[in-house]
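Asker: just the structure for this:
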Amino acid sequence: MNRQRKREERQRRAEDRGQWASKTEYLLVVAGNVVGLGNVWRFPYLCYKNGGGSFLVPYVLFAVLYGVPLFLLETFIGQYTQEGFVTCWTKLCPLAKGIGYGHVVMKIFDLSFIIIQAWALFYLIFSFSSQLPWAICENSWNTGNCLSLQTLDSNSTNQDILENTTSAAVEFWEQRVLGMSGGIEELGSVRWELALCLLACWVFCYFSIWKSVRSSGKVAYVTATFPYVMLFILLIRGMTLPGAQDGIYFYLYPDLNHLANLEVWIEAGSQVMFSYSLTIGTLPVLGSYNEYNNNCYRDCFWLCLLNSGTSFVAGFVIFSVLGFMAQSQGVTVDTVVDSGPGLAFIVYPQATALMPFPQFWTVCFFLMLLFLSVDTHFVTFECLITTITDLFPQLIRKRGRHEIFVLVMCVIFFIIHLTLVTEGGIYIFHLFDYYGTTRACHYFMALCECLALSWGFGADRILNIIEDMTGQKPNILFKLCWKYIIPPLSLISFILYLVEYKHLKFNDWYIYPDWAYVLGWTMMLSSLLIVPLWAAAKLFLTRGMSTQADEPN
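Answerer: Presented below is the predicted three-dimensional model:
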């Protein structure tokens with residue numbers, strides 16, 4: 001009778017909050033979120049940088065012992081409680097509710113990555129030009145030091161010429177797109193064309209999530225699948241380019257000496273957390289829209305395999321093109337390899353400009369980049385909206401209020417993000433990226449989550465609940481990872497980050513002013529300190545409080 005009552009209560013709550021229309025929608029939204037920019041511009045570079053094929057050893061170990069267990073744990077949090085990433089802790093471990101508020105802060109900083117979506121849209125528009133503007137120097141924004149793509153190829157071995165010039169691709173990025181100022185102290189004016197791209201991105205985001213999962217699930221049918229079509233097309237093209245084998249060699253050549261470097265292992269763990277969207281509150285929210293009996297145990301294996309497989313394949317796409325570019329310029333691959341915005345907005349567009357039918361390949365690349373960033377962004381925003389709604393359900397869930405609330409939030413963040421499209425916006429973005437969602441935050445949150453759930457709520461209890469939900473009892477290895485492997489690994493990685501911390505530099509030449517570093521540390525500590533402060537406040541203000549959670553309805 002009690003189980004029947006709980007089932008009916010869960011059903012009423014699902015109708016109130018909303019639920020995925022089908023299992024397919026859930027899988028597509030999660031896949032679209034976890035398969036993102038980190039797979040395209042971060043994993044291939046890290047693989048090359050940290051020993052090529054030998055980097056796969058620590059990566060796979062971290063994926064198995066760190067990524068998959070945390071993926072299951074966070075999905076369990078949402079599916080079991082049917083709550084956002086703040087209110088879920090009330091039903092699991094009230095002392096750990098500060099983790100949820102820490103995730104709120106991290107989400108706010110994480111939303112700054114919408115600027116990448118705006119950049120991709122800006123490049124996509126210019127990709128339809130009869131002459132790609134980043135291949136020539138006859139544009140109004142070019143300087144006297146500009147070197148066109150054709151001139152760059154013919155003088156690739158003349159170091160005197162190369163050292164005193166700037167490629168057309170770099171000038172397009174810095175002068176036309178960013179209009180870069182001298183530093184964060186000089187914000188300058190708003191780049192209105194880029195601001196319009198940003199507005200378009202926020203409008204698309206609004207109509208993707210304005211009806212919560214009822215709309216975002218439908219959007220995912222396109223946004224989650226289209227990047228794979230583009231990735232496949234680019235893979236076929238890249239593997240048929242001259243010099244592609246040289247790029248693949250640089251990508252996968254195993255250097256076992258790197259395995260003795262502790263930093264390689266830390267970066268492998270960081271990449272797993274970054275690409276799997278762990279410890280930032282996304283997976284609990286997406287899981288909260290599942291049916292109670294959804295087989296999250298099976299889902300986590302397939303989704304993690306999809307993510308890592310996509311990262312591996314993306315490496316062939318990127319490095320085959322870099323090998324072609326290196327051969328075209330008569331240089332080695334390591335001179336053109338890059339990570340982050342430099343790869344996406346300078347190196348790769350420059351490489352596609354060398355191909356026959358360059359507009360087609362450039363459009364394919366930036367469409368892929370656009371849809372990868374679209375998925376990640378609207379899911380990130382949806383998770384924040386869901387969590388705030390669960391905190392104030394009576395205020396927001398009334399008819400018509402949810403759509404208005406989402407609109408107001410979109411407008412607020414659009415206004416805030418206008419700072420990112422100023423002439424000094426790139427410096428602000430790097431500050432957000434380096435401090436707001438740094439790997440120290442992820443490792444600290446992973447430590448707190450595992451301690452609160454595996455030791456506070458109970459690892460055996462979690463295994464029993466997952467068995468009740470899915471009909472399958474997870475392997476005992478999950479319990480060992482949650483209790484004895486992930487916590488010490490997270491603590492060691494967190495301490496090493498603090499010990500080896502270095503001030504952020506932009507392009508290895510610009511040093512931020514002291515107040516910017518203070519601001520950066522404030523951003524990072526704002527998500528970290530709220531966890532122990534919340535627990536301390538609860539212990540101090542609540543007499544006889546138990547850390548054991550109440551049974552959810």
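Asker: what number of residues lie near the nearest residue to residue 52 once chain neighbours are set aside?
Answerer: For residue 52, ignoring the flanking residues on the chain, the nearest one in space by C-beta to C-beta, 6 or more residues apart in numbering is residue 253 at 4.3 Å. For glycine as for every other residue, the C-beta is placed from the backbone atoms N, C-alpha and C. Number of residues near residue 253 (other C-beta atoms under 10 Å) recorded here: 12.
Asker: is residue 451 in contact with residue 488, as I believe?
Answerer: No: using C-beta atoms under 8 Å, residue 451 and residue 488 do not qualify as a contacting pair, with a distance of 10.9 Å.
Asker: more neighbours, those two?
Answerer: Under the neighbour definition other C-beta under 10 Å, residue 451 and residue 488 were set side by side, and residue 451 has more, 19 against 11.
Asker: residue contacts, the closest residue in space to that one that isn't next to it in sequence?
Answerer: Among residues not flanking residue 451 along the chain, residue 487 sits closest, at 6.0 Å (C-beta to C-beta, 6+ apart). With contacts defined as C-beta atoms under 8 Å, 6 or more residues apart in numbering, the neighbours of residue 487 are 447, 450-451, 454.
Asker: residue 487 looks like it's in a helix, true?
Answerer: Yes: remark: residue 487 belongs to a helix, assigned using DSSP: H, G, I helix; E, B strand; the rest coil.
Asker: ok, it to residue 170 distance?
Answerer: Noted for residue 487: a distance of 44 Å to residue 170, by C-beta to C-beta, to the nearest Å.
Asker: wait, what's in contact with residue 26?
Answerer: For residue 26, counting by C-beta under 8 Å, 6+ apart, the contacting residues are 20, 217, 286, 289-290, 294, 299.
Asker: now those residues as a markdown table including secondary structure, neighbour count and pLDDT?
Answerer: Listed next are these as a markdown table, based on DSSP: H, G, I helix; E, B strand; the rest coil; neighbours: other C-beta atoms under 10 Å; pLDDT from 0 to 100:
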| residue | secondary structure | neighbour count | pLDDT |
| --- | --- | --- | --- |
| 20 | coil | 22 | 86 |
| 217 | helix | 22 | 78 |
| 286 | helix | 26 | 93 |
| 289 | coil | 26 | 91 |
| 290 | coil | 22 | 91 |
| 294 | coil | 18 | 92 |
| 299 | helix | 21 | 93 |
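Asker: which one of these sits closest to residue 329?
Answerer: If you rank those by distance to residue 329 using C-beta to C-beta, residue 286 comes first, at 43.7 Å.
Asker: touching, that closest one and residue 29? I think so.
Answerer: Yes: if you go by C-beta under 8 Å, residue 286 and residue 29 touch, sitting 6.2 Å apart.
Asker: who touches both of the two?
Answerer: Contact criterion C-beta under 8 Å, 6+ apart; residues shared by residue 286 and residue 29: residue 379.
Asker: any buried residues in stretch 42-62, and which?
Answerer: 42-48, 50-52, 54-59, 62 (16 or more other C-beta atoms under 10 Å).
Asker: cool, and stretch 338-346?
Answerer: Neighbour-count burial for stretch 338-346, counted by 16+ other C-beta under 10 Å, picks out 338-339, 341-346.
Asker: how about the helices in the stretch 301-450 of the chain?
Answerer: Taking DSSP state H, counting those that start in this stretch as the criterion, the stretch 301-450 of the chain contains helices spanning 341-342, 348-352, 358-391, 393-396, 401-417, 425-431, 439-450.
Asker: now stretch 306-318, how far from the chain's geometric center?
Answerer: Shown here is stretch 306-318, whose average C-alpha point lies 15 Å from the average C-alpha point of the whole chain (C-alpha atoms, centre = their mean, to the nearest Å).
Asker: avg pLDDT for that stretch?
Answerer: Rounded to a whole number, the mean pLDDT of stretch 306-318 is 90.
Asker: what's in contact with it?
Answerer: Contacts made with stretch 306-318 from outside it, assessed by C-beta under 8 Å, 6+ apart, are listed as 31, 34-35, 38-41, 43-44, 47, 56, 59-60, 63, 228, 231, 234-235, 238-239, 247-248, 251-252, 275-276, 343, 348.
Asker: of these, just the buried ones, PyMOL syntax please.
Answerer: Selecting just the buried residues from those in PyMOL takes one command, with 16+ other C-beta under 10 Å as the test:
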select buried, resi 31+34+35+38+39+40+41+43+44+47+56+59+63+228+231+234+235+238+247+248+251+252+275+276+343+348
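Asker: what about the contacts of stretch 306-318, which are in helices?
Answerer: Within the contacts of stretch 306-318, residues falling in helices by DSSP state H are 31, 34, 43-44, 47, 56, 59-60, 228, 231, 234-235, 238-239, 247-248, 251-252, 275, 348.
Asker: what residue ranges in the stretch 401-550 of the chain score low on pLDDT?
Answerer: Along the stretch 401-550 of the chain, the model assigns pLDDT under 70 to residues 544-550.
Asker: where along it do the strands fall?
Answerer: Assignment of strands within the stretch 401-550 of the chain using DSSP state E, counting those that start in this stretch yields the ranges 505-506, 510-511.
Asker: got those strands as JSON lines, with mean neighbour count and distance to residue 174 columns?
Answerer: Written out in JSON lines, the entries for those read as follows (neighbours: other C-beta atoms under 10 Å; distance: least, C-beta to C-beta, whole Å):
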{"stretch": "strand 505-506", "mean neighbour count": "14", "distance to residue 174": "12"}
{"stretch": "strand 510-511", "mean neighbour count": "14", "distance to residue 174": "12"}
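Asker: any chance of the ones you listed in JSON lines, plus distance to residue 364?
Answerer: Converted to JSON lines, the strands of the stretch 401-550 of the chain look like this (distance: least, C-beta to C-beta, whole Å):
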{"stretch": "strand 505-506", "distance to residue 364": "30"}
{"stretch": "strand 510-511", "distance to residue 364": "33"}
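Asker: among these, which is nearest residue 271?
Answerer: Taking C-beta to C-beta as the measure, these were each checked against residue 271, and strand 505-506 came out nearest at 21.5 Å.
Asker: packing partners for the closest one?
Answerer: On a contact count with 3 or more C-beta pairs under 8 Å, 6 or more residues apart in numbering; DSSP states H and E, strand 505-506 meets helix 425-431.
Asker: enumerate every residue touching the nearest residue to residue 402 once chain neighbours are set aside.
Answerer: For residue 402, the nearest residue in space outside its immediate sequence neighbours is residue 396; the separation is 5.8 Å by C-beta to C-beta, 6+ apart. For residue 396, the contacting residues are 388-389, 402, 405, taking C-beta under 8 Å, 6+ apart as the criterion.
Asker: farthest pair in the residues you listed?
Answerer: Across the contacts of residue 396, the longest distance by C-beta to C-beta is 10.6 Å; it joins 388 and 402.
Asker: break down the stretch 101-250 of the chain into its helices, ranges please.
Answerer: 114-126, 149-154, 159-163, 168-171, 192-209, 213-223, 226-239, 244-252.
Asker: any idea which of the ones you listed has the lowest pLDDT on average?
Answerer: helix 159-163 (a mean of 56).
Asker: determine how far stretch 263-274 lies from the middle of the whole chain.
Answerer: Centre-to-centre, stretch 263-274 and its host chain are 14 Å apart (C-alpha atoms, centre = their mean).
Asker: now do stretch 406-425
Answerer: Centroid separation for stretch 406-425 versus its chain: 19 Å, with C-alpha atoms, centre = their mean.
Asker: fine, thanks again, bye for now.
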